[in-house]
Each structure stands twice: as structure tokens, then as C-alpha cells.
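Student: Test case, fold it:
(chains A and B)
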Amino acid sequence: MADRADAGQGGAAHRGLVARHAPTNPPQPVAPLMPARWMYRLHRMMAPNRTYRRLANWLEVRRRPERLFTAAESLIKEHIFGCRMCGQCAIPITGYACPMTCPKQLRNGPCGGVGQDGSCEVYSQLRCVWLTAIERATSQGHCADLLLVQRPVDHRLWGQSAWIGYWQERDELAWTDPA
Amino acid sequence: MTGLSESKFAASLQRGAFTVTAEIGPPRSADPHVITRKVEAVRDWVTAVNITDNQSAVVRLSSWAGSLLAIAAGVEPIMQLTCRDRNRIGLQSELLSAAAMSIPNILVMTGDHPKFGDCADAKPVFDLDSVQLLWVARSMRDDGRLLSGRPVDPAPNWFLGAVENPFAPPTGFRADRLAKKVTAGAQFVQTQYVFDLAAFTSWLAQVRDTGVDERCFILAGVGPIMSLRALSHLETAVPGVHVPPDVARRLRGVPSSRTADEGMALCAETISALREIPGVAGVHVMAVGNEYRVPQILQLAGLSPAADVGRPPAGTHAPAAGVRVNGAEHAH
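Tutor: Predicted structure coming up:
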């Protein structure tokens, strides 16, 4: 965990185009705009390789390009998933529905307050994001992902690019097999 | 696994005894006698009492202080701990304090959102979720490590529990979610109110399929519906509680003067039915505000006082045994 945080602090002191703290508006469940099947495919195209790693290395030591890259990432992900830029993307193992949009920001499954109609305990007019996540993951044969235990969020990473972290392969520390 | 020895509640479950716990809600005041009175009312009938942690997001006396009062009144506490009000520093501190005060059982849950309580304007914390908190508590006990990796010496000795709501969607995932909690460290689970036996049985079958029932003790949550007002409150205002139509019809079908009796009879029948189901290790009676009725309900269900449970005389500071009451908190 410590390595990850330290790595994330390369150039973290500056103000970027994206706030480096948790957004102050309360989280509300968001149904992703993109079908799960597309997302699993798209993800394969973004899997870490030498080119991406080189790009990540290049970005991490350049303030302005890194800020622009992070802002672009934020715009795209906010539009599709309601991303809040926690900087440690959980969606590859939650059917590409973001658990940080859960009002309790639960990363390990739905709470016990889900309504009989599948509504969120806090926003009864919205659908529980975990129901969406489970449905999407299961429909693509990824239900085993949901059994992985997600580690606590590192709150130092808010506002940082999760894509850069992913290409640098720091993401693996975010969850673990239930051994 | 270390230290089940200190928990009489754990010992009772391991012995295979049908174990009864009751929920005790701390007061919205600084009056210690409220807890003492409630604990004394159930003392001879239960193995342990759950002390809730600001249930329904309403400010109350804390669960660790309540647990100490329960110990003093002669019943072993199960201290509830929610993720709603403290970050990981506060939660670990709370766990260390519980260990220092010889509180032998900890029940971890997410907690109701502040929206439902008396401080709807409060900041919801949820820094860890219940699975992560169970993991932290288990690491403290089994590895003797805090989240930071620093050693905890001596390592605590808790019996760790979780909650589950078999009735909330997605019902197909609820057994898996319990499996996740058991993987993270839960050794027992207490469920949300069981009013729908068929749904409970089907959840239990799924739990058996995952093999989790062999790694954790399952206590079914039960409770009497004492009035029609309580019934409509449960139906509409408590997140995660499912009252099936036939139960509601039965309670609404009797004269209002008899609702309480009918509610208690229904609860007793549920307990009797649960006793017959293999894999149910006990029941957790949540009689919010009606704790003094618990012995009557248990008697109706054909249970006898848990007299065989050795517990220290009231007033000593050794841990004794326990259950829990608030439905709303339960399922999270």
C-alpha cells in the first residue's frame, strides 16, 4: 500500500484541472452509459503494454500534459460512469458500474437496505448501483470478480489518473483473491 | 484461529446449543439504568446481548459503554460497530478499546445512512465498508497487526460477526456476500428480521451450496410486531425489512387490543420453526422497546432459560454471554 501512495505523489502537490480531494457533492447511483460487453472489450484494448507504460512514464514527469490527460480522463469517465476520480478504479471487477457512486461508497457489494424493487436505500427513485454492477458482470460471465475483496480506498489518490496507475500496474493492489 | 475461549457466546455455538441472543438499544440519554434494566429483563434467557451502535443513525450512548454496562449487569455483550460514523483511525481505536475492556464479541456492519436518523445533516463517513472492517479486525486478532502494519501486542481475542439481509435484492448474491464476509473474518452472522420463512429457507440453501454454513454460525433475526403502527413503520420506514402480505394480513385481522399478543405468538412460532431448520444455530431476538417481553416470547416458543450458561455474578468485570435488537441496523 505504501509503495502505491508514494508513487502517486510524484508531482501531487500541484493544483491540477481536477480537484485532488473527494468531491463535496454526495454520491448518487449512476447507471453506466456504455453496455458492459463494450466495456470488457474496450478494456482489453487498454491493457498495459510497453507503449502505454512509456506514455505513463512520460506523463508522470510532465506537469501540464499530465494535468490535461487527467482532465480528459475525468471528463470521459464522469460522462460514462459518473466517475468521482477516486484514482483507484474498481470498475474492472464490478461490471463497469462505479461503486463510488453508491451513497455509502461500498466497494464490496450492496448494503442490506436495497428496496424490494431494487431501489437505493438513500435515493429511492434511483436503482442500487450494485444491482446494476452484479447484473452487468454476470451477463458477461464475470460473476467470480464480485467475490474478490476490495481493499480500503487510499484517500491520497483522489483526483489522480487511474489510467496512469493502471498502466504502471499499481491497480493490482486494490483487490485480492479471497484466500 | 485464536481466542474463542473468552467468549461464552462462541462456546455455546460450538457446543451446538441452540443459542439465543437479544438486542439491547442504548438510550438517547446518559442514564445507565436503561441498559441495566433491559439487560436484567433478558438475563436469564439469553447467552449474550447485542449492544447497538447508534442504531437507525440516531444519537445514543455508545456501544462500548453499553457493552460495559451489560457486563456489569451480568450478560456477555456483542458490541456492534458500524462504518457510518468513524474513519479507519476511529474504528481501529474502538476495536482496541473493546479488547482492552474484555468485550469478547464484535459485530460489524455498514450502518444505516445518516439520512434516516436525527442528524440527517451529518457527514456520512463510510471510510471502510463492513467487509474491509472485518478484515482489519481479523488481521488485528490473527496476525497481531493494525492496518498500518504496526504490531498489536497482545493481540485481541474477539469472536467476530457480521450481518446479512437474506430478503434484500439481489437475493441471488446474498449468499455470496455472506461468503465474502466470512472470508474477511466473520465467524457468526445474525440476519435481518425473518418474517418470510420460505425466502429465508431458500437463502439458507444457497448458503449451504457455497459451504459457508460450515465456516460460520447462522443466527436468524426475529422480533415481535407489537402494534399496527409498528407494522406500518416496518413496512415503510425501515430499510431492508420485508414483511410479507400474509403476516401483515394476520396482524391486521385481529382486534387492535390483541395485536401485541398476536405479534408475540407469530414471533414464537417463527422461532419454533427456525429451530427445526438444519443450519440455524440460534435466534437473535430484536424486540425494540419491548425487551421485557423477550422471556415471554421465548417461553411461548418452548425454550427454557439459558440457565446452563455460566456467567459471573452481576457487578463483576469479567465477560459473560449475548444477542441484538435493532432491525434497521441489522441488515447492513
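
Student: host element of whichever residue of the stretch 1-150 of chain B sits closest to chain A?
Tutor: Closest residue of the stretch 1-150 of chain B to chain A, C-beta to the nearest C-beta: B:Val131 (3.8 Å). All C-beta spots, glycine's among them, are computed from the backbone N, C-alpha and C. Using DSSP states H and E, B:Val131 sits in helix B:130-138.

Student: And the next helix or strand past that helix?
Tutor: Helix B:130-138 is succeeded, C-terminally, by strand B:159-164 (DSSP H and E).

Student: Buried residues, the helix holding B:Val131. List them.
Tutor: Residues B:Ser130, B:Val131, B:Gln132, B:Leu133, B:Leu134, B:Trp135, B:Val136, B:Ala137, B:Arg138 are the ones in helix B:130-138 that count as buried (16 or more other C-beta atoms under 10 Å in any protein chain shown).

Student: on that earlier part again, wait, doesn't the residue of the stretch 1-150 of chain B closest to chain A sit right on B:Ala179?
Tutor: No. Look at B:Val131 against B:Ala179 with C-beta atoms under 8 Å: they stay out of range, at 10.6 Å.

Student: Could you check what's spatially nearest to B:Ser67, not counting adjacent residues?
Tutor: Nearest residue to B:Ser67 in three dimensions, chain neighbours excluded: B:Pro77, at 3.7 Å (C-beta to C-beta, 6 or more residues apart in numbering or on different chains).

Student: got the contact list for the nearest residue to the residue of the stretch 1-150 of chain B closest to chain A once chain neighbours are set aside?
Tutor: Closest residue to B:Val131 apart from its sequence neighbours, by C-beta to C-beta, 6+ apart: A:Asn108 at 3.8 Å. Going by C-beta atoms under 8 Å, 6 or more residues apart in numbering or on different chains, A:Asn108 touches A:Val149, A:Gln150, B:Asp129, B:Ser130, B:Val131, B:Gln132, B:Arg177, B:Lys180.

Student: Switch those over to CSV; also include distance to B:His233 and pLDDT.
Tutor: Listed next are these as CSV, based on distance: C-beta to C-beta, whole Å; pLDDT from 0 to 100:
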residue, distance to B:His233, pLDDT
A:Val149, 35, 92
A:Gln150, 34, 93
B:Asp129, 27, 97
B:Ser130, 25, 97
B:Val131, 29, 97
B:Gln132, 31, 97
B:Arg177, 26, 96
B:Lys180, 31, 95
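
Student: Between these, which sits nearest B:Pro166?
Tutor: The nearest member of the contacts of A:Asn108 to B:Pro166, counting by C-beta to C-beta, is B:Arg177 at 10.1 Å.

Student: ok, the closest one - how many residues close by?
Tutor: When counting by other C-beta atoms under 10 Å in any protein chain shown, one arrives at 25 neighbours for B:Arg177.

Student: Could you do B:Thr201 as well?
Tutor: For B:Thr201, the count of nearby residues is 16 (other C-beta under 10 Å).

Student: SS state for it?
Tutor: Of the three states, B:Thr201 takes helix according to DSSP: H, G, I helix; E, B strand; the rest coil.

Student: how near is the residue nearest to it when sequence neighbours are not counted to chain A?
Tutor: Nearest non-adjacent residue to B:Thr201, counting by C-beta to C-beta, 6+ apart: B:Ile277, 6.6 Å away. B:Ile277 sits 21 Å away from chain A, going by C-beta to the nearest C-beta, to the nearest Å.

Student: Does B:Ile277 lie in a helix or a strand, and which?
Tutor: Per DSSP H and E: B:Ile277 is located in neither a helix nor a strand.

Student: pretty sure it contacts B:Leu204?
Tutor: Yes. Assessed by C-beta under 8 Å, B:Ile277 is found in contact with B:Leu204 at 6.8 Å.

Student: Compare the two (neighbour count), which wins?
Tutor: With neighbours defined as other C-beta under 10 Å, B:Ile277 and B:Leu204 compare such that B:Leu204 has more, 21 against 13.

Student: Need the three-state assignment for that one.
Tutor: helix.

Student: Quick one, grab the pLDDT at it.
Tutor: pLDDT, B:Leu204: 97.

Student: Repeat that for A:Pro178.
Tutor: 54.

Student: repeat for B:Leu4
Tutor: Model confidence at B:Leu4, given as pLDDT, is 43.

Student: What of A:Arg50?
Tutor: For A:Arg50, pLDDT reads 95.

Student: Might you enumerate the residues of chain A proximal to chain B?
Tutor: A:26, A:103-118, A:121-122, A:128, A:130-131, A:134-135, A:146-147, A:149-153, A:155, A:178-179 (C-beta under 8 Å from any C-beta of the partner chain).

Student: Now a PyMOL select for only the buried ones of those.
Tutor: Applying 16+ other C-beta under 10 Å to the residues of chain A next to chain B leaves a buried subset, and the PyMOL line that selects it is:
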select buried, chain A and resi 103+104+105+106+107+108+109+110+111+112+113+114+115+118+121+122+128+130+131+134+135+146+147+149+150+151+152+153
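
Student: Restricted to helices, list the residues of chain A next to chain B.
Tutor: Using DSSP state H, the subset of the residues of chain A next to chain B located in helices is A:Trp130, A:Leu131, A:Ile134, A:Glu135.

Student: Next, the contact list for the second one, please.
Tutor: This means A:Leu131. Taking C-beta under 8 Å, 6+ apart, we find A:Leu131 in contact with A:Pro110, A:Val114, A:Gly118, B:Pro169, B:Pro170.
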